[in-house]
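Q: Structure for the following, please:
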Amino acid sequence: MNFEPRVLLRQMFDAAILAAQPSYCVPPHLPAPPKGRLIVIGAGKASAAMARAVEDHWPGPLQGLVVTRYGYAVPCERIEIVEAAHPVPDSAGLDAAKRILAVAEAAGSDDTVLCLISGGGSALLPLPLEGITLEDKQIVNRALLASGATISEMNVVRRHLSAIKGGRLGAAVYPAKLVTLLISDVPGDALTDIASGPTVADSTTCADALAIVRRYGIVLPAAVLAALTSGRGESIKPGDPRFAPATTRMVATPQMALEAAAKMAHAAGLPVHILGDSIEGEARDVGKVMAGITAQVAVRGQPFVPPCVLLSGGETTVTVRGTGRGGRNVEFLLSLGIALDGRAGLWALAGDTDGVDGLEEIAGAILTPDTLARAWAKGIRPRDALANNDGHGFFGALGDAVVTGPTLTNVNDFRAILICSGKE
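A: Numbering: from 1, shown residues only. As a prediction, this is how the structure comes out:
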């Protein structure tokens with residue numbers, strides 16, 4: 001080999017994150033100077049870095065307010081940065097959402113409102129409908145996160161409990177011109193799913209939200225149930241004239257990140273196959289499927305000939321049944337490793353591009369051919385760790401956790417499987 005597997009895997013992950021850095025992807029999409037003011041608002045894990053990119057490349061006056069996750073603030077001079085909790089919202093996020101909505105409502109017809117949206121915005125804009133409390137939303141958020149619901153399903157529910165999502169923030173901007181720049185963290189780059197679509201129209205309904213809640217057996221607080229059953233939480237629908245002058249631009253996506261990682265592998269002389277940028281499902285099930293594909297490549301040379309790299313993205317889920325710390329990327333990786341059963345020449349990295357896998361300040365982990373052997377030598381039983389949803393504990397004990405710190409962006413999960421040839 002003319003590469004070291006651990007190093008190459010980390011280089012690919014870092015390349016994926018770099019491709020989605022706001023300093024790189026935001027400036028080409030800035031709007032033309034307006035007659036009036038440029039007002040910046042936004043929310044998400046990348047929103048502060050996006051705001052800084054606007055400041056660095058905007059020659060005229062500007063003002064604004066964005067909210068980001070604790071630890072993700074970037075110093076800005078003209079745009080105020082507020083930090084709040086993610087993934088379970090807190091009062092700081094509630095206050096920020098109220099202020100951002102007020103800024104939008106105050107914009108005039110000659111102004112342009114530049115809205116910077118990235119993953120994490122759902123929790124960071126937790127302004128509930130009248131009659132619903134922040135505590136109610138926290139209860140629903142925790143239940144959704146533990147239920148195994150997809151991110152799309154979670155966001156259908158969130159949009160119909162909010163005074164700011166589901167297009168309500170975008171409608172509030174009118175008659176000012178609205179330009180939304182998006183960094184996608186959702187499978188398929190669905191506009192309504194990125195931060196629950198605060199500035200785009202939504203075709204889903206309260207009935208859809210109720211169906212999802214019932215599907216996963218979630219018990220709702222009384223006020224939340226009343227808002228959904230009455231239809232009071234209905235979102236702004238397509239065709240609303242307030243969206244006619246609005247512009248929405250996707251500036252970074254999971255596919256772009258995977259293509260950047262592929263270039264890094266190509267530079268090392270390896271063929272790369274992108275299997276999909278929107279793979280969903282239970283993390284452990286996706287791990288088993290990916291193990292089957294990997295084994296077929298390694299043993300049969302089908303459908304690809306090794307050595308090669310298999311890349312994929314998307315957002316899996318973890319239904320937490322044990323007492324472990326969850327984390328969909330480490331759960332995927334542990335399931336993959338168990339299914340591959342220590343087969344020689346197979347390496348993998350799985351990580352969240354925002355640097356946080358689940359509730360942990362750890363991006364993910366690396367799987368090596370001897371991962372299981374090293375675990376057994378330490379008295380750690382891989383299957384027990386998986387059953388307990390303790391992927392973080394498992395890989396942490398082996399020294400194989402991947403820690404990036406706040407990456408200031410988010411284009412969802414990154415998975416790379418390196419299949420080395422023959423004896424390697």
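Q: residue contacts, residue 304?
A: By CB atoms under 8 Å, 6 or more residues apart in numbering, the contact list for residue 304 reads 271, 273, 297, 310. Every C-beta, even on glycine, is put in place using the N, C-alpha and C of the backbone.
Q: Got phi/psi on residue 401?
A: Main-chain torsions, residue 401, degrees, to the nearest 10: phi -70, psi 150.
Q: what does residue 158 give?
A: Given degrees, to the nearest 10, the pair of backbone angles that residue 158 has is phi -60, psi -40.
Q: residue boundaries of the helices in the stretch 51-200 of the chain?
A: Using DSSP state H, counting those that start in this stretch, the helices of the stretch 51-200 of the chain run over 91-106, 121-124, 134-147, 151-159, 168-173.
Q: May I ask which of the contacts of residue 304 has the most neighbours?
A: Among the contacts of residue 304, residue 297 has the most neighbours (other CB atoms under 10 Å), with 21 neighbours.
Q: Could you tell me how many residues sit around the closest residue to residue 91 other than its chain neighbours?
A: Nearest residue to residue 91, sequence neighbours excluded (CB to CB, 6 or more residues apart in numbering): residue 134, at 6.4 Å. Neighbourhood size, residue 134 [other CB under 10 Å]: 15.
Q: Same question for residue 35.
A: Neighbour number of residue 35 under other CB under 10 Å is 10.
Q: which residue packs closest to it, ignoring adjacent ones?
A: Using CB to CB, 6+ apart, the closest residue to residue 35 is residue 110 (4.2 Å).
Q: and residue 422, what pLDDT?
A: Residue 422 carries a pLDDT value of 45.
Q: meant to ask about residue 403, not that
A: Looking at residue 403, its pLDDT stands at 97.
Q: what's near enough to touch it?
A: With CB under 8 Å, 6+ apart, residue 403 has these contacts: 355, 361-363.
Q: try it again with 6 Å
A: residue 362 (CB atoms under 6 Å, 6 or more residues apart in numbering).
Q: Distance check, it against residue 361.
A: 7 Å (CB to CB, to the nearest Å).
Q: before we move on, what about residue 112?
A: For residue 112, the distance to residue 361 - CB to CB - is 36 Å.
Q: Looking only at neighbour counts, state which of those two leads.
A: Comparing residue 112 with residue 361 by other CB under 10 Å, the one with more neighbours is residue 112, at 22 against 12.
Q: Report the spatially nearest residue to the more buried one, omitting neighbours in sequence.
A: residue 34 (3.9 Å).
Q: part of a helix, is the one you found?
A: No - counting by DSSP: H, G, I helix; E, B strand; the rest coil, residue 34 is not found in a helix; it is coil.
Q: pretty sure it contacts residue 114?
A: No - judged on CB atoms under 6 Å, residue 34 makes no contact with residue 114 at a distance of 9.6 Å.
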